[in-house]
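**Student:** Task: produce atomic coordinates for the following.
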Amino acid sequence: MNVTVLYFGGEEISVTRASEGVNGTYVIHGRGIRHYSGIINGEFVSPDELGEKIRACVQEAGSRLGDRIYVGVPSCFYTTVVYEVIRNFPKPIKLTEKHIEQLVAMPANYIRPAGYSVIQRRAVYYKVDDGRATVDIRGVSGKTVNAQISVFAVTDTFIRTVSESLYGSKFKKVVFLPVTLAEALYLIDLEVRDATCVLLSCGISTTSVSVICGDSLVAHTSVDIGFAHCVNDVSVTMKVGYSAAKDYVMNPNDKIKDITMARLEEIAEHIFADINALDKKLYKKPFYICGGYIDTLPNSVDLLSAALDVKIEQCPCPFTEENTPAVSRDAVIRLALRY
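**Tutor:** So this is what the prediction gives:
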């Protein structure tokens, strides 16, 4: 199976055509890449440029792209919430796929956030007749089913911008995928995710906190601060351009380290506040970090670990053991291949 994936990186847009490889890898059949103005404060800096950039990427990716395109949604453009639905039957019955579909589709006291559209509902886990939580109830007999449903919702602005940018293309269906869930499924073992874990995804302009349970995203927050802010701090302090400041940040002396550490402390404060707002019990769960930006800076992971009083594990690519921004794009491609 081939998939076509549109991915918005910190500095590049890419369209990749890929198929399943061996041992969990994938094979690239074509890829188009264009630099773009990026995302700042939860918005595209230059949305009008996206149509031309994306069309160029699509053309460069080659032919036989299919009529479906998977879009990795950057963390600042989506949210998630978990709600509960309960269904009672007159008598015990054997549960089937049809019952699962009905549970996920059942209305609940869920209020869609203003400015967002629900893209997907999926069950995190079920309990039958107040029994133990399970991720699959097919074939189980019971009278009462309690389901925890995760809702993935994307901003209307992002959906509209992407749809307009793809207007006139041959893609008949657009599938939106949350980047941080893709990262977790790609980088963190299932045994860890099943017991719930926290993923810190640190991009070029955003830092997000995602809570993962099994294959589901159950909580998510994002703040508009990231690697670019560290670079800007150095640029202003040292009175150099962005490119030179970026080189300083990646190869810092003691003065540069002091500048970036001040910004990292601010990022740690935001993460700390977000976790406390979500659930203080999360501090007892495993913490992971990825992104290939902030997490690659000297002593950054140690600083964040100390600030949160947890041990944070880095998430290198499972196949190359590298930790680069490309890992996030790879993760979205892998998730698209699972659909």
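**Student:** Restricting to C-alpha, output stretch 305-315 in PDB.
**Tutor:** Backbone C-alpha positions of stretch 305-315 (Å, rounded to 0.1, in the frame of the first residue of the first chain) are rendered in PDB as follows:
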ATOM      1  CA  SER A 305      14.100  16.700  34.400                       C
ATOM      2  CA  ALA A 306      15.300  18.700  37.400                       C
ATOM      3  CA  ALA A 307      12.600  21.300  37.000                       C
ATOM      4  CA  LEU A 308       9.800  18.700  36.800                       C
ATOM      5  CA  ASP A 309      11.500  16.400  39.300                       C
ATOM      6  CA  VAL A 310      11.000  13.400  36.900                       C
ATOM      7  CA  LYS A 311      13.300  11.400  34.800                       C
ATOM      8  CA  ILE A 312      12.800  12.300  31.100                       C
ATOM      9  CA  GLU A 313      13.900   9.800  28.500                       C
ATOM     10  CA  GLN A 314      15.000  10.900  25.000                       C
ATOM     11  CA  CYS A 315      13.200   9.400  22.000                       C
END
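**Student:** Next, the buried residues of it.
**Tutor:** Buried residues in stretch 305-315, counted by 16 or more other C-beta atoms under 10 Å: S305, A307, L308, V310, I312, E313, C315. Every C-beta, even on glycine, is put in place using the N, C-alpha and C of the backbone.
**Student:** ok, and what's touching that stretch?
**Tutor:** Stretch 305-315 has contacts (C-beta atoms under 8 Å, 6 or more residues apart in numbering) with 183, 187-188, 199-200, 265, 268-269, 271-272, 275, 283, 286-290, 295, 301, 304, 323, 327.
**Student:** Just the buried subset of these, please.
**Tutor:** Here the buried ones among those, as counted with 16+ other C-beta under 10 Å, turn out to be 183, 187-188, 199-200, 268, 271-272, 275, 286-290, 295, 301, 304, 323, 327.
**Student:** Just give me the neighbour total for the closest residue in space to I212 that isn't next to it in sequence.
**Tutor:** Leaving aside its chain neighbours, I212 sits nearest to A184 (4.4 Å; criterion: C-beta to C-beta, 6 or more residues apart in numbering). The tally of other residues near A184 (other C-beta atoms under 10 Å) stands at 29.
**Student:** Against C315, how distant is A184?
**Tutor:** Here the criterion is C-beta to C-beta, to the nearest Å. By it, A184 lies 9 Å from C315.
**Student:** Give the intersection of the neighbour lists for the two.
**Tutor:** Residues touching both A184 and C315 (C-beta under 8 Å, 6+ apart): L199, Y288.
**Student:** from the buried ones among the contacts of stretch 305-315, which ones fall inside strands?
**Tutor:** Applying DSSP state E to these, the entries found in strands are L199, L200, F287, Y288, I289, C290.
**Student:** where's the fifth one relative to I312, distance?
**Tutor:** Right, the one you point to is I289. Using C-beta to C-beta, I289 is found at 5 Å from I312.
**Student:** Now the common contact residues for these two.
**Tutor:** Shared between the contact lists of I289 and I312 (criterion: C-beta under 8 Å, 6+ apart) are residues L200, V301, L304.
**Student:** Following element in sequence after whatever helix or strand H99 lives in, please.
**Tutor:** With the criterion set as DSSP states H and E, the secondary-structure element containing H99 is helix 97-105. For helix 97-105, the succeeding helix or strand toward the C-terminus, using DSSP H and E, is strand 116-128.
**Student:** packing partners for the helix or strand following that next one?
**Tutor:** Once the chain leaves strand 116-128, the next helix or strand it forms, by DSSP H and E, is strand 141-155. Counting contacts by 3 or more C-beta pairs under 8 Å, 6 or more residues apart in numbering; DSSP states H and E, the secondary-structure elements packed against strand 141-155 are strand 78-94, helix 97-105, strand 116-128, strand 173-178, strand 216-223.
**Student:** which of the ones you listed sits most buried?
**Tutor:** Of all these, strand 216-223 has the most neighbours on average by mean count of other C-beta atoms under 10 Å, namely a mean of 22.
**Student:** got the angle between that strand and strand 141-155?
**Tutor:** With axes from the mean of the first three to the mean of the last three C-alpha atoms, to 10 degrees as the basis, strand 216-223 and strand 141-155 are set at 30 degrees to each other.
**Student:** could you dump strand 216-223 to CSV, C-alpha only?
**Tutor:** Provided in CSV are the C-alpha atoms of strand 216-223 (Å, rounded to 0.1, in the frame of the first residue of the first chain):
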residue,chain,number,x,y,z
SER,A,216,-4.9,7.0,22.1
LEU,A,217,-4.2,10.7,22.8
VAL,A,218,-6.1,11.4,26.0
ALA,A,219,-4.8,14.9,26.9
HIS,A,220,-2.9,17.6,25.0
THR,A,221,-1.7,21.1,25.5
SER,A,222,0.6,23.3,23.5
VAL,A,223,2.5,26.6,24.1
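**Student:** If you average the pLDDT over that strand, what comes out?
**Tutor:** In this model, strand 216-223 has a mean pLDDT of 96.
**Student:** What is it packed up against?
**Tutor:** The criterion is 3+ C-beta pairs under 8 Å, 6+ apart, and the helices and strands that strand 216-223 contacts are strand 78-94, strand 116-128, strand 141-155, helix 179-187, strand 207-213, helix 254-278.
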